[in-house]
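Participant: Attaching a predicted model along with its sequence, questions to come.
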Amino acid sequence: MLQIKNLHARIEDGAQILKGINLEIKPGEVHAIMGPNGAGKSTLSSVIAGKEEYEVTEGEILFQGENIIEDAPEERAHKGIFLSFQYPVEIPGVSVTNFIKAALNENRKANGLDDMPAKEMLAMIREKSEKLGIKKDFLSRSLNEGFSGGEKKRNEIFQMMMLNPKLAILDETDSGLDIDALRIVADGVNTFKNEGNAVLLITHYQRLLNYIQPDYVHVLANGKIIKTGDKSLALELEAKGYDWLLN
Ligand SMILES: Nc1ncnc2c1ncn2[C@@H]1O[C@H](COP(=O)(O)OP(=O)(O)OP(=O)(O)O)[C@@H](O)[C@H]1O
Ligand SMILES: [Mg+2]
């Protein structure tokens, strides 16, 4: 589904952040990326999603066999790449429901489909929000305005479930997520996951990987993947930290 080959990227006119990333994600897989602060994890997810503040200087990103490096972020989203935000933006005056309706219909339009009939949309919103324990009044609040950390998480997972992407990239905040928020992410990912889609999960929490079974765990440090293993690698990191890998 996703093949990243020798990817180098830098901040527009700035420092080189990614220094030769190789990563292959197949349908049905969950990959976790861990690594020290400032390693380039969020940069990698932004570069996959196509954020314009980064420039790819070398290498390739293939999504379903197609090079997407020239694609705008919206085009990548329409092709089925979803990125959650480590720091979500607030959009005053646009409700949670209206935002997701617009995003979903825009996606459909780009793929040659008509708007989802209102009734079907409502039923889907109801089904997904109930699954996540989202209350009705939450759906009419302005997007992310005054949301608590857990509410932001819940909304993000709600967006993922509504948009039903092929590849979901979840960049988890380093701190401030309580055990409930971790569960929201975990339950959401487990409900979403099937043989046809894939998840790239960036996390500092070994604990989260107790709830979500990753097929692979990668360590990203200084712009490179320096080690890949299975879930036991996350446990080893928890016990030993990163230093033993860096020297
Ligand atoms: N737009 C930007 N402008 C300036 N510096 C940036 C920008 N984006 C990333 N960087 C720098 O690139 C490096 C990697 O940042 P990145 O956010 O990818 O790290 P991370 O691995 O996600 O860290 P964390 O675990 O703290 O979330 C950092 O030194 C950061 O300051
Ligand atoms: Mg980050």
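Facilitator: Perfect, I can see it now. Numbers count the residues shown, from 1 in each chain. Ligands and ions are numbered 1, 2, ... in the order given.

Participant: Stretch 110-123: how far from the chain's middle?
Facilitator: Centroid displacement of stretch 110-123 relative to its chain, using Cα atoms, centre = their mean, to the nearest Å, is 24 Å.

Participant: now do stretch 186-194
Facilitator: 13 Å.

Participant: do you know how far Glu12 is from Leu139?
Facilitator: To Leu139, Glu12 is 37 Å away according to Cβ to Cβ, to the nearest Å. From N, CA and C alone the C-beta is placed, and that goes for glycine too.

Participant: neighbour-wise, which of those two wins?
Facilitator: Leu139 (17 against 8; other Cβ atoms under 10 Å).

Participant: Give me the distance between the more buried one and Arg126.
Facilitator: Counting by Cβ to Cβ, the gap from Leu139 to Arg126 is 9 Å.

Participant: part of a helix, is Ile17?
Facilitator: No. Assessed with DSSP: H, G, I helix; E, B strand; the rest coil, Ile17 is strand; it does not lie in a helix.

Participant: In the worst-scoring helix or strand of the chain on mean pLDDT, which residues are buried?
Facilitator: Here the helix or strand of the chain ranked lowest by mean pLDDT, DSSP states H and E is strand 91-95, holding a mean of 82. For strand 91-95, burial by neighbour count (16 or more other Cβ atoms under 10 Å) applies to Ser95.

Participant: how about the residues of this structure that lie near ligand 2?
Facilitator: Lys41, Ser42 (Cβ under 5 Å from the ion).

Participant: which regions of the chain lie under the pLDDT threshold?
Facilitator: Within the chain, the ranges that satisfy pLDDT under 70 run 85-88, 173-176, 247.

Participant: what does it have sitting close to ligand 1?
Facilitator: 11, 14, 17, 35, 37-43, 53, 174 (Cβ under 6 Å from any ligand atom).

Participant: 5 Å instead, please
Facilitator: Ile11, Ile17, Asn37, Gly38, Ala39, Gly40, Lys41, Ser42, Thr43, Glu53 (Cβ under 5 Å from any ligand atom).

Participant: could I get those as a markdown table with distance to Gln159?
Facilitator: A markdown table is the format used below for the residues of the chain next to ligand 1 (distance: Cβ to Cβ, whole Å):
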| residue | distance to Gln159 |
| --- | --- |
| Ile11 | 27 |
| Ile17 | 26 |
| Asn37 | 26 |
| Gly38 | 27 |
| Ala39 | 26 |
| Gly40 | 25 |
| Lys41 | 20 |
| Ser42 | 18 |
| Thr43 | 22 |
| Glu53 | 22 |
